[in-house]
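# quick check, what structure comes out for this input:
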Amino acid sequence: MNTTASANMATQHQLDMALVALRQSPALDGSICQMLIRTLGISESALATLLQDGHGITLIDDERWLQVNADPAGDPANNSPGVMKITLGEELLLLCEDPWSAEAMAAQARPAPVHMQLALARPGQLASLQKNLKPKTSTPNLALSKGNVNNSFSVVQFVDQAIVRAYEEGASDIHFETDRRGVGIKYRLDGVMAPGERLDDGRAEEVISRIKVLAQLDITERRRPQDGRIHWQRDGGDSIDLRVSIMPSIFGEDAVLRLLDKAQLRHSEQSMSLDVLGFDANVAAVIRELATRPHGMLLITGPTGSGKTTTVYAALSEANDGLEKIVTIEDPVEYELPGVLQIPVNEQKGLTFATGLRSILRHDPDKILVGEIRDAETAEIAIQSSLTGHLVFTTVHANSLFDVLGRFQHFGIDPFALASALNGVVVQRLLRRLCKHCGTWREPTSNEEKKLISLNLPVPLKLPVAHGCDHCRQTGYRGRFVVAEVHELTDKVRDLIVRKPSMTELKEIIYRDENTRLLMQALNQVAQGSTTLEEVTRVVGLV
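Modelled structure (predicted):
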């Protein structure tokens, strides 16, 4: 073995073992180069010898670094995440954050005039080269950015600018979708999909790999779904977290990034309330009263993307007067609440909603937020918590109060315990708001009149029309607002829940006042010109 490596008490076997451990646990505190030196307890020169002797990988010291030149940014290797094609004298090298990655191997396998040796990047080396090669371009407007981007557009730029645009436009999700031609982006804006940029030059796999690197996922795994997180820092100081889902498809892999702006409530904590979210004053008053009771359960329900989490945060924020201990368990922690202990679920390490909730009860809380009830165990503990003197805020994926009752019945929850625990249920939806710059009115069609009359619903004299203009990205809508029905459980309703009545009987009691129905409230918003009948049909349904 090399004498330098011996002097540093490190062997090739120890190097290989350290590499395996580091690459299987990608949450690195520094570069691979730094971590190898730290883990093995050797000098940089000794690491250079080990890498060269055992792996044929070079490490460029400060003296030789002065002779390094980067190839033009259009080179395919320089469009791969963490890989840069460079020249050192007459040598052609691939400088890599991780020379053992799929990107590095793919870049090395590309045709070249001479064989390219791999080089492990020292801290700051890649960043300095990429800074010099990065073109000074402004971010185009999302509404004008459909179609292919320039071929010289790097994969890093493609992903980074997608996040920037989504953040600036207020998108909730970014979809990277691969197909035969390449990869395209779609943004979820105001609850619907809007087309974005495309990259059609065979770099779809590199785009997904870039996202995996940012989310600290296994870039070599392409056949199984993966989930991760990205903490993204924007120029100017703002930072957001992104929840990442990678899913295999027939053309490779697709990725969905959900933007979680945890600072949103923190920046507006003085004004965040149910009123600000757009709740009707009467509905907000009932939710507020339910959120300040000494014990029991307040449950927010609705489909995915209906604003349940935001509502439960707003209700909890209003109830947070600093006099009580509030603890939350969430997956993920979407917003930061001042003065509240917030616990993120980590199922890989055994911290589930159920196990976390058990521990929370030993932490002397007054109010508890359970991010979502997904299984029978969590439901049972949440019910027992609300029956033993705690006020529990939680959400469940369901379409109506009746679906909620069915879900808890499926979980095997005793009807008497459920009826005793529930203070109230909020059923809500988010509707797109009609653009105030281009919205007009029209008369209802005969088919629309017949449909509304058949459902015993009022027929408005005029209906709003969503036209589309530059202010609303040609959609006719800008922003969203909430509509909700609130069910405060009375003793009569509790009696019905315990004896499991028919659906018809339960609806007769629950909807004794037709104006409380979600559909009626949505149609009132149509009559006021806030949204369209088409939007109500899409989100709520005319049933």
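
# what's near enough to touch T531?
L431, R432, R433, L434, P464, Y477, F481, A522, Q525 (C-beta atoms under 8 Å, 6 or more residues apart in numbering). Quick note: C-beta positions are derived from backbone N, CA and C, even for glycine.

# mind checking the SS state of it?
coil (DSSP: H, G, I helix; E, B strand; the rest coil).

# low-confidence stretches in the stretch 201-350 of the chain?
234-238, 261-272 (pLDDT under 70).

# what are the ranges of the helices in it?
Taking DSSP state H, counting those that start in this stretch, the helices of the stretch 201-350 of the chain run over residues 204-214, 263-267, 281-290, 308-319.

# who wins for proximity to L66 among those?
helix 204-214 (28.6 Å; C-beta to C-beta).

# follow-up on the earlier one: which one of the helices of the stretch 201-350 of the chain lies closest to G191?
helix 308-319 (13.0 Å).

# tell me what the closest one is packed against?
helix 281-290, strand 296-302, strand 367-370, strand 391-397, strand 422-434 (3 or more C-beta pairs under 8 Å, 6 or more residues apart in numbering; DSSP states H and E).

# and the helix or strand encompassing L405, what's buried?
Assigned by DSSP states H and E, L405 belongs to helix 401-410. By neighbour count with 16 or more other C-beta atoms under 10 Å, helix 401-410 contains the buried residues L401, V404, L405, R407, F408.

# for the last one, give me the pLDDT.
By that I understand F408. Note for F408: predicted pLDDT of 93.

# and the buried residues of helix 401-410, which is closest to Q34?
R407 (49.6 Å).

# which residue packs closest to the closest one, ignoring adjacent ones?
Counting by C-beta to C-beta, 6 or more residues apart in numbering, R407 lies nearest to A398, which is 5.5 Å off, once chain neighbours are set aside.

# picking that back up, let's have the helices and strands packed on helix 308-319 in TSV, adding distance to E443 and mean neighbour count.
TSV is the format used below for those (distance: least, C-beta to C-beta, whole Å; neighbours: other C-beta atoms under 10 Å):
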stretch	distance to E443	mean neighbour count
helix 281-290	30	17
strand 296-302	32	25
strand 367-370	47	26
strand 391-397	38	23
strand 422-434	17	24
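
# where does the prediction get shaky in this protein?
Those would be 1-9, 23-30, 71-81, 109, 111-114, 131-153, 234-238, 261-272, if you go by pLDDT under 70 across the chain.

# identify the residue nearest the geometric centre of it.
Centroid-nearest residue in the chain, with C-alpha atoms, centre = their mean: R258, separated by 2.4 Å.

# now the helices and strands packed on helix 308-319 as a markdown table including distance to E377?
Putting the helices and strands packed on helix 308-319 into a markdown table (distance: least, C-beta to C-beta, whole Å) gives the following:
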| stretch | distance to E377 |
| --- | --- |
| helix 281-290 | 25 |
| strand 296-302 | 16 |
| strand 367-370 | 12 |
| strand 391-397 | 14 |
| strand 422-434 | 19 |
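
# so for S359, which of the ones you listed sits nearest?
strand 367-370 (11.3 Å).

# in its sheet, which strands sit next to that closest one, and in what direction?
Under the criterion DSSP bridges, strand 367-370 sits next to strand 326-330 (parallel), strand 391-397 (parallel) in its sheet.

# work out the gap between the shortest one and the centre of the chain.
Taking C-alpha atoms, centre = their mean, to the nearest Å, one finds the center of strand 326-330 at 19 Å from the center of the full chain.

# who's in contact with that strand?
Counting by C-beta under 8 Å, 6+ apart, 316, 320, 337, 339-345, 353, 356-357, 360, 363, 365-371 sit against strand 326-330.

# and the helices in the stretch 51-200 of the chain?
Ranges of helices in the stretch 51-200 of the chain, per DSSP H, counting those that start in this stretch, are 62-65, 102-109, 125-133, 155-169.

# quick one: which of these is nearest L533?
Of those, nearest to L533 by C-beta to C-beta is helix 155-169, at 26.4 Å.

# gap between C96 and A102?
11 Å (C-beta to C-beta, to the nearest Å).

# among those two, which residue is more densely surrounded?
Neighbour totals were compared for C96 and A102, and C96 leads with 26 against 18 (other C-beta atoms under 10 Å).

# pull the contacting residues for the more buried one.
Contacts of C96 (C-beta under 8 Å, 6+ apart): G82, V83, M84, E103, A104, A107, L118, A119, L120, A121.

# which residues does it bridge with?
V83, L120.

# give me the distance between it and G228.
From C96 over to G228 the distance is 21 Å, taken as C-beta to C-beta.

# and L260, how many neighbours?
19.

# ugh, wrong one, I meant M105
Neighbour count of M105, defined by other C-beta under 10 Å: 15.

# now do P303
13.

# do the same with I185
I185 has 27 nearby residues by other C-beta under 10 Å.

# picking that back up, just put the strands paired with strand 367-370 in CSV and tack on distance to A281.
Output for the strands paired with strand 367-370, formatted as CSV (distance: least, C-beta to C-beta, whole Å):
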stretch, distance to A281
strand 326-330, 26
strand 391-397, 21
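
# which residue, other than its chain neighbours, is closest to T220?
A102 (5.6 Å).

# over to Q34?
Spatial nearest neighbour of Q34, excluding adjacent residues (C-beta to C-beta, 6+ apart): P123 at 5.9 Å.

# gap between that neighbour and W65?
12 Å.

# which one's more surrounded, these two?
Set P123 next to W65 and count neighbours by other C-beta under 10 Å: W65 wins out with 14 against 11.

# spit out the contact partners of the more buried one.
If you count contacts by C-beta under 8 Å, 6+ apart, W65 has them with Q125.

# one more: V283?
Contacts of V283 by C-beta under 8 Å, 6+ apart are A484, E485, V486, Q521.

# the second one: neighbour count?
In this case it means E485. Using other C-beta under 10 Å: E485 sits among 22 other residues.

# double-check that it belongs to a strand.
Yes: assessed by three-state DSSP, E485 belongs to a strand.

# contacting residues around the nearest residue to it once chain neighbours are set aside?
Spatially, and ignoring its direct neighbours in sequence, E485 is nearest to L518 (4.5 Å; C-beta to C-beta, 6+ apart). Contact analysis of L518 by C-beta under 8 Å, 6+ apart lists S400, V427, Q428, R429, V483, A484, E485, V540.

# how about the residues you listed in CSV, adding distance to E289?
Shown next, in CSV, are the contacts of L518 (distance: C-beta to C-beta, whole Å):
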residue, distance to E289
S400, 22
V427, 17
Q428, 17
R429, 22
V483, 19
A484, 14
E485, 16
V540, 25
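
# what's the farthest-apart pair in these?
S400 and V483 (13.5 Å).

# of these two, give the one with the bigger neighbour count.
Higher neighbour count among S400 and V483: V483, with 27 against 17, using other C-beta under 10 Å.
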